[in-house]
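Chemist: here is a sequence together with a model predicted from it:
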Amino acid sequence: MTRTIDYGNLMHRAMRGLIQKVLTDVGKNGLPGEHHFFITFDTMHPDVQIADWLSDRYPGEMTVVIQHWFENLKVTDDGFAITLSFGDSPEPLYIPYDSIKTFVDPSVEFGLRFESQDDEDAENDDADIHPEAPMDEMVEPDEAGHPEAEVVSLDSFRK
């Protein structure tokens, strides 16, 4: 058997490490300037922890926005926990890095997409990483001045 370098797996780990580093900094210092994140994740991943009503409403994937209001951001080596507001109702979530499909910061036109080749490859953590198209829209605050967490389709932002 010939030994090879698994660049796909190495890139996945590096990009998830980048997400961890960014979220750790945000947890300590808050979001700088106009930075905000659209994070799409697999709601069926076995380690995702979200309210039943959210997993029922979004049985495959869900996109959350981290922008003006969030609480309890706790970053670990495996994922992050955060409380976001859904219709004036705060909901705790736990999102493992392995469940993330896209991570986008439209304020600087930066994005990552983790795309599995097929189910077997996803289990082996083999995937391709693609830059995302820039996104221009922002979430508007609710009447209390807090932006409401909104699930969006990234397809609506592609050119």
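Modeler: In hand now; what should we look at? Residues are numbered from 1 along each chain as shown.
Chemist: what bridges to D105?
Modeler: Beta-bridge pairing of D105 under DSSP bridges involves F110.
Chemist: can you count the residues close to D25?
Modeler: D25 has 13 neighbours, counted by other C-beta atoms under 10 Å. To be clear about C-beta, it is placed using only N, CA and C from the backbone, and glycine gets the same treatment.
Chemist: start the count at 276 instead of 1 going forward.
Modeler: New numbering, starting at 276: the last item is D300.
Chemist: dump the helix ranked longest in the chain to CSV, restricted to CA.
Modeler: Ranked by number of residues, the top helix in the chain under DSSP state H is helix 282-304. C-alpha atoms of helix 282-304 as CSV (Å, rounded to 0.1, in the frame of the first residue of the first chain):
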residue,chain,number,x,y,z
TYR,A,282,-4.7,17.1,1.5
GLY,A,283,-8.5,17.2,1.7
ASN,A,284,-8.5,16.1,5.3
LEU,A,285,-5.6,18.4,6.2
MET,A,286,-7.5,21.4,4.6
HIS,A,287,-10.7,20.5,6.5
ARG,A,288,-8.9,20.5,9.8
ALA,A,289,-7.1,23.7,9.0
MET,A,290,-10.3,25.5,8.0
ARG,A,291,-12.1,24.3,11.0
GLY,A,292,-9.2,25.5,13.1
LEU,A,293,-9.6,28.9,11.5
ILE,A,294,-13.3,29.0,12.4
GLN,A,295,-12.4,28.0,16.0
LYS,A,296,-9.8,30.7,16.2
VAL,A,297,-12.2,33.4,14.8
LEU,A,298,-15.0,32.4,17.2
THR,A,299,-12.6,32.2,20.2
ASP,A,300,-11.6,35.8,19.4
VAL,A,301,-15.3,36.9,19.1
GLY,A,302,-16.1,35.2,22.4
LYS,A,303,-13.3,37.2,24.1
ASN,A,304,-13.6,40.5,22.3
